[in-house]
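>>> any chance you can model this:
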Amino acid sequence: MIAHFLLLIQGEWFKLRRRWLPWVLLAVAILVSQTFLWGFYVVYHVTDGKGTNAFIPDYQYQGETASIDLTCADLLDGRIEERVQSLSEEERLIVKKEVAGWSQECSEYVSEDEGLFLFVMPSSILGSLVLMFMTGLQFLLIMILSASMLGSEYGWGTLRMALSRGMGRWQILSAKLVLCVLVGAGWFVVIALVNSVSSVIAGIIPPDEGVSIIVLADGDTWRSVLSEGAKFFGKAVYATVPYIALSACVVVLTQSTAQGISLSIVAYIAEAMVVPPLLAISERLEGIREGLLSSNVSEWMSFGQTEAQVALQGAEQPDTTQAFFVILAYSVVMVGVSLWLFQRRDVSGARGE
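Residues are numbered from 1 along each chain as shown. Here you go, the predicted model:
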């Protein structure tokens with residue numbers, strides 16, 4: 001039975017690899033990831049190594065006896081007391097009060113190592129992929145792929161032909177879903193490999209860079225990044241499963257590729273971007289908000305805090321256990337509904353989509 005199922009997955013792959021859509025979606029993912037990588041590379045060099053820190057304003061105070069200019073680095077290194085020594089007692093109180101408010105802007109401050117995260121090896125292997133997950137682009141692309149893989153079978157009428165040959169319905173749908181998960185995982189690997197090549201190039205282009213070569217020789221850094229990368233890879237694949245199931249469920253319900261893609265994307269945008277702000281209006285609705293798929297996926301994929309955020313706001317530990325089970329529940333329910341509908345609904349001939 002397992003061998004038969006694996007053959008079904010292999011057959012689905014032979015059909016999928018001849019189509020343009022998965023390769024186009026992969027090209028879009030690579031293009032966006034490279035845009036992130038090279039965009040931060042340009043910003044870093046244009047701002048003389050300050051990166052995004054160049055957009056964080058310094059604190060300035062002009063007093064009667066002296067003036068001071070503070071940076072986020074001064075704040076995080078604990079140099080405030082040293083810098084305000086030249087002020088009077090009254091002015092020190094004023095400065096400390098104002099610095100307490102200004103310090104919130106420093107939560108966006110990144111250290112030099114963090115500033116090189118997106119285009120210097122080895123952290124850059126996953127750097128832009130992390131940003132893609134933060135923007136939700138990977139979920140949109142994988143939903144389009146999932147809807148197309150199943151919806152096209154309805155449109156071409158090939159699904160009816162496959163069923164007439166005695167193939168089990170649940171095996172066909174399961175094989176498509178598993179293949180979609182595997183293809184999504186393959187995308188992550190390809191993006192990481194392309195990022196690696198781009199990072200090496202980024203370390204060679206400027207005459208004074210050399211930072212890539214230094215980090216490449218650091219074995220401890222490599223072990224740490226590869227360990228975190230493996231963890232991220234596993235969590236990323238798991239996070240895409242409910243969105244694949246959502247898209248497939250809509251396609252089975254509508255028996256249409258176009259409607260499957262459009263409705264699943266609308267559902268994703270509404271659930272991830274529209275509903276949370278509405279639920280945040282009242283504390284009574286906080287429990288509902290915590291049960292949303294998007295909220296739990298964000299918690300599950302928690303990318304950690306910057307050094308500045310930990311110093312200023314304290315370390316926060318995400319509740320990934322709850323997120324794991326909520327994602328699992330969504331996936332099981334949507335896969336179950338898809339299988340139930342797919343087993344019981346009649347499959348018509350070609351729809352011409």
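>>> what about Ile68, helix or strand, and which?
Secondary structure here is read from DSSP states H and E; on that basis Ile68 sits in strand 67-70.
>>> what does Gln60 give?
Secondary structure from DSSP H and E places Gln60 in strand 59-62.
>>> how distant is that strand from the center of its chain?
Mean C-alpha position of strand 59-62 versus that of the full chain (Cα atoms, centre = their mean, to the nearest Å) differs by 38 Å.
>>> using CSV, list the CA coordinates for it.
Coordinates of the C-alpha atoms in strand 59-62 are reproduced here as CSV (Å, rounded to 0.1, in the frame of the first residue of the first chain):
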residue,chain,number,x,y,z
TYR,A,59,18.6,61.9,20.8
GLN,A,60,19.8,65.5,21.0
TYR,A,61,19.6,67.8,24.0
GLN,A,62,20.7,71.5,24.0
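>>> and Val120, which of the three is it?
Recorded secondary structure, Val120: coil (DSSP: H, G, I helix; E, B strand; the rest coil).
>>> would you agree Pro57 is in contact with Glu105?
Yes - applying Cβ atoms under 8 Å as the test, Pro57 and Glu105 come out as touching, 6.9 Å apart. Glycine gets a C-beta too; all of them are placed from N, C-alpha and C.
>>> looking at the two, which is more packed in?
Shown here are Pro57 and Glu105; by other Cβ atoms under 10 Å, Glu105 has more neighbours (17 against 10).
>>> ok so the more buried one is a helix residue?
Yes - for Glu105, which was evaluated using three-state DSSP, the result is membership in a helix.
>>> quick check: it vs Glu98, distance?
Distance of Glu105 to Glu98, given as Cβ to Cβ, to the nearest Å: 12 Å.
>>> next one: Phe117
With distances taken as Cβ to Cβ, Phe117 is found 31 Å from Glu98.
>>> could you check which of those two has the larger neighbour count?
Phe117 (19 against 14).
>>> show me what contacts that one?
110, 123-124, 127 (Cβ atoms under 8 Å, 6 or more residues apart in numbering).
>>> hang on, it in a strand?
No - the secondary structure assignment for Phe117 gives coil rather than a strand, going by three-state DSSP.
>>> if we can go back for a sec, now the strand holding Gln60: average pLDDT?
Mean per-residue pLDDT for strand 59-62: 71.
>>> three-state assignment of the closest residue to Tyr238 other than its chain neighbours?
The spatially closest residue to Tyr238, leaving aside those adjacent along the chain, is Ile327, at 6.8 Å (Cβ to Cβ, 6 or more residues apart in numbering). For Ile327, the assignment made with three-state DSSP gives helix.
>>> what is the neighbour count of Ile327?
Ile327 is flanked by 23 other residues according to other Cβ under 10 Å.
>>> separation between it and Pro242?
6 Å.
>>> residues shared between the contacts of those two?
Where contact means Cβ under 8 Å, 6+ apart, the residues bridging Ile327 and Pro242 through contact with each are 293, 297.
>>> what about Tyr44, distance to Phe117?
Taking Cβ to Cβ, one finds Tyr44 at 10 Å from Phe117.
>>> and for those two, which residues touch both?
Any residue near both Tyr44 and Phe117 by Cβ under 8 Å, 6+ apart counts here, and not one turns up.
>>> ranges for the helices of the stretch 51-200 of the chain?
72-76, 80-83, 89-102, 112-115, 124-135, 137-156, 158-164, 169-204 (DSSP state H, counting those that start in this stretch).
>>> give me the angle between the last one and helix 137-156.
What separates the directions of helix 169-204 and helix 137-156 is an angle of 140 degrees, with axes from the mean of the first three to the mean of the last three Cα atoms, to 10 degrees.
>>> buried residues, helix 169-204. List them.
Counting neighbours by 16 or more other Cβ atoms under 10 Å, one finds that the buried residues in helix 169-204 are 169, 172-181, 183-184, 187-188, 191-192, 194-195, 198-199, 202-203.
>>> OK, contacts around the residue nearest to Leu179 when sequence neighbours are not counted?
The spatial neighbour of Leu179 that comes closest, neighbours along the chain excluded (Cβ to Cβ, 6+ apart), is Glu12 at 4.8 Å. Glu12 makes contact with 149, 175-176, 179, according to Cβ under 8 Å, 6+ apart.
>>> among those, which two are most distant?
Met149 and Ala175 (10.1 Å; Cβ to Cβ).
>>> residues near the closest residue to Phe133 other than its chain neighbours, how many?
Using Cβ to Cβ, 6+ apart and skipping residues adjacent in sequence, the residue nearest Phe133 is Met301, 5.7 Å away. Residues near Met301, counting by other Cβ under 10 Å, number 18.
>>> can you pull the phi/psi pair for Met301?
With angles defined as degrees, to the nearest 10, Met301 shows backbone torsions of phi -90, psi 20.
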